[in-house]
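# Take a look and give me a structure for this.
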Amino acid sequence: MNRRINWTHFKNIYHIYQKKYEFRFCQLYEIPRVIEFIDQYWQKEHIFTKSKALLDWQHLDQKNNRYNFVMAIDKETDEIHGMIGFILSSLYDDSILHPIRWGVIWKVREDIDIRGLGLSLKYYLEIYAPASYVGGVGLSKYSKKINRKLGEKVGKLKLYYMLNRTCQTFDLADQVTKENFYVPDVCKSPYYLKEINGECLLDHSKDYFRYIPEYKSTLYYINRYHRHPLYKYHFLEICNREDKAMACMIWRKCEANGKSAIVIVDYIGQGCELVGLYDEFQSLLRNNYAEYISFYEYGLDDQALSLASFLNQEDCESVIPLYFEPFIRKNVDLDYHFYTERQTDRVVIYKGDADQDRPNQI
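Down below sits the predicted model:
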């Protein structure tokens, strides 16, 4: 994949922006200014204005003694006119050699009419926080437009779901019809689901580790999910009858209005391991009193997910909510962008990537 914008060319005009702005990473003492900028220009009462612990967990880079935000600071007024945040997967495991850099908050003040300032922030990241993989999930129209011009792959995560067949009524999902309960005629799987403690991933003998993308690692999954400061994540291995683990699924229980849903946030495997586990998933739904399982993904085999009795939301009218904090009963598209020059690994993207599965409320 080749970029259509030549960063070398942009370097020739970058000095123009440097005359007016100082671009730099957020130093430890400057984080109150970043929080104020987020609250005033990005989202009022953003979670980062309420939880310093969550902010630190996601953006405090102790190795480099900074917060992972790049600021554009006006040299005359000393005000922040623009900012871009990022999450390096190596933040959760410093031994990752080829991390992915997820872009998160990318904002230029609307009262600042400086064309190209947002691109300057992204250019600064390219130069001073280079990464083997670059991506983002949950894009603004501006972000999609810019990333397409950069030659990056831009698309929409597919939403697969499975309903609890014992539910008579649905309070979270909406527009559910009996066709949405259709189960493909597949053979029963030789596999079964087994819940494990996240620390068990430290056992390096597991067969499915060969499917971990090189921008993640076993320690990444432990620190990102098992040791999350606020959320409780569950780890389910898909095992064969000899108790050999073939894949691992990471999920979280979401609740609203006294009801619940199961949200798969990450997956280690090929996807074919899910085929034939319909009864196992139904037991999981019943045991958790959940209405449905939702699974946002890119990179898995669509046919395998279909054979596994998951439905593609694009093929029906059902409403499978994404937001629970606060709860919003509507379908939400999760756009993504992705770029790498490396050809050594397949690309998979899930809801747990970037910052899409983080708390919005305390």
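# Where does pLDDT dip in the stretch 1-150 of the chain?
1-6 (pLDDT under 70).
# Which parts of it are helices?
7-20, 31-37, 52-59, 117-128, 141-149 (DSSP state H, counting those that start in this stretch).
# what's the closest of the ones you listed to I362?
For those, distance to I362 was read as CB to CB. The smallest value, 8.5 Å, belongs to helix 52-59. C-beta: built from backbone N, CA, C; applies to glycine.
# for that closest one, which positions count as buried?
Buried residues in helix 52-59, counted by 16 or more other CB atoms under 10 Å: 54-55, 57-59.
# Looking at the helices of the stretch 1-150 of the chain, spot the one closest to H226.
Of all these, helix 52-59 comes closest under CB to CB, at 13.0 Å.
# Can you lay out the buried residues of helix 52-59 as a markdown table showing distance to K141?
Shown next, in a markdown table, are these (distance: CB to CB, whole Å):
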| residue | distance to K141 |
| --- | --- |
| L54 | 27 |
| L55 | 26 |
| W57 | 29 |
| Q58 | 24 |
| H59 | 25 |
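# Might you report the residue contacts of the nearest residue to N65 once chain neighbours are set aside?
Among residues not flanking N65 along the chain, L28 sits closest, at 6.6 Å (CB to CB, 6 or more residues apart in numbering). For L28, the contacting residues are 65-67, by CB atoms under 8 Å, 6 or more residues apart in numbering.
# Quick one, which of those are buried?
In the contacts of L28, the ones that pass as buried (16+ other CB under 10 Å) are 66-67.
# Count the neighbours of Q62 for me.
10 (other CB atoms under 10 Å).
# no wait, Y14
17.
# That one touches S120, doesn't it?
Yes: here Y14 reaches S120: they are 6.4 Å apart, a contact under CB atoms under 8 Å.
# how far away is I362 from P229?
Computed as CB to CB, to the nearest Å, the I362 to P229 distance reads 11 Å.
# Over to E325?
E325 is 15 Å from P229, by CB to CB.
# who has more neighbours, these two?
E325 (14 against 11).
# list the contacts for that one?
Applying CB under 8 Å, 6+ apart, the residues contacting E325 are 359-361.
# Can you tell me which of those residues is closest to R329?
N360 (16.0 Å).
# returning to what we had before: what's the closest of the helices of the stretch 1-150 of the chain to E214?
Closest among the helices of the stretch 1-150 of the chain, once you apply CB to CB, is helix 117-128, at 20.0 Å.
# hey, which strand is longest across the protein?
strand 245-256 (DSSP state E).
# in that one, what's buried?
By neighbour count on 16+ other CB under 10 Å, the buried set for strand 245-256 is 245-254, 256.
# can you pull out the strands in the stretch 101-250 of the chain?
133-137, 153-156, 158-163, 192-196, 233-239, 245-256 (DSSP state E, counting those that start in this stretch).
# Kindly reformat these as JSON lines containing distance to S294.
Below are the strands of the stretch 101-250 of the chain laid out as JSON lines (distance: least, CB to CB, whole Å):
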{"stretch": "strand 133-137", "distance to S294": "15"}
{"stretch": "strand 153-156", "distance to S294": "15"}
{"stretch": "strand 158-163", "distance to S294": "5"}
{"stretch": "strand 192-196", "distance to S294": "17"}
{"stretch": "strand 233-239", "distance to S294": "15"}
{"stretch": "strand 245-256", "distance to S294": "9"}
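# of those strands, which approaches Q313 most closely?
strand 158-163 (4.1 Å).
# Could I get the contacting residues of the closest residue to L230 other than its chain neighbours?
What sits nearest to L230 in space, not counting adjacent residues and going by CB to CB, 6+ apart, is P359, at 5.2 Å. Listed by CB under 8 Å, 6+ apart, the contact set of P359 reads 47, 51, 54, 230-231, 325.
# and what of A245?
194, 206-208, 237-239.
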